[in-house]
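Asker: Could you work out the structure for the sequence below:
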Amino acid sequence: MMISDEIKRLHELHQAGALTDAEFEQAKARVLSGASSTVNLNKSASADGTFASELNTLRRSRTDRWLGGVCGGLAKVSGVDAWVWRLVFALFTITFGFGIVIYLLLWIFVPEE
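Answerer: From the prediction side, this is the model:
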C-alpha cells in the first residue's frame, strides 16, 4: 500500500471516529517516517476488518471458558456465540476426529487475555 493510501485510510478512520486526534497524529507520523506501514490500534477488533488483523487479536477467554477458553476467545473475535464454537469442535471431533487436536493446538498457541 502506498503512503498516500495509508494517509487516506487513517483520515477516513479519524473522520469516522475510530481514531482520536492523538492516535491519528501518531499513526500519521509513523507512516510518514516509514517506521511502520501498519497501525496497531490496540482495539478489540481491527480497524480495517481483515481476517489477519482480527486473528492477531485472538486471545483465550478468562471468563467464558469450560476448559481452555478457546471457544470464548473465538466467540469474541468472530461475533458467534461460544456454544456454537463448542458444538463445532465437538462435531469435528466426533465425525472427523481432529477437532480435539485443533482445540489443543489453539489452547497451546493462543495467549490468554
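
Asker: burial of Val31, as a residue count?
Answerer: 21 (other CB atoms under 10 Å). Quick note: C-beta positions are derived from backbone N, CA and C, even for glycine.

Asker: Can you name the next helix or strand after the helix or strand of the chain with the lowest mean pLDDT?
Answerer: Counting by mean pLDDT, DSSP states H and E, the chain has its least confident helix or strand at helix 51-56, which shows a mean of 69. Beyond helix 51-56 on the C-terminal side, the first helix or strand identified by DSSP states H and E is helix 70-78.

Asker: same for that next one, what does it pack against?
Answerer: In this structure, helix 70-78 makes packing contacts with helix 51-56, helix 82-95, helix 99-109, judged by 3 or more CB pairs under 8 Å, 6 or more residues apart in numbering; DSSP states H and E.

Asker: Please spell out the segments of this protein that come in under the pLDDT threshold.
Answerer: For the chain, applying pLDDT under 70 flags the ranges 1, 35-55.

Asker: Could you list the buried residues of the host helix or strand of Ser4?
Answerer: Ser4 belongs to helix 3-16 when assigned by DSSP H and E. Buried residues in helix 3-16, defined by neighbour count with 16 or more other CB atoms under 10 Å: 6, 9-10, 13-14.
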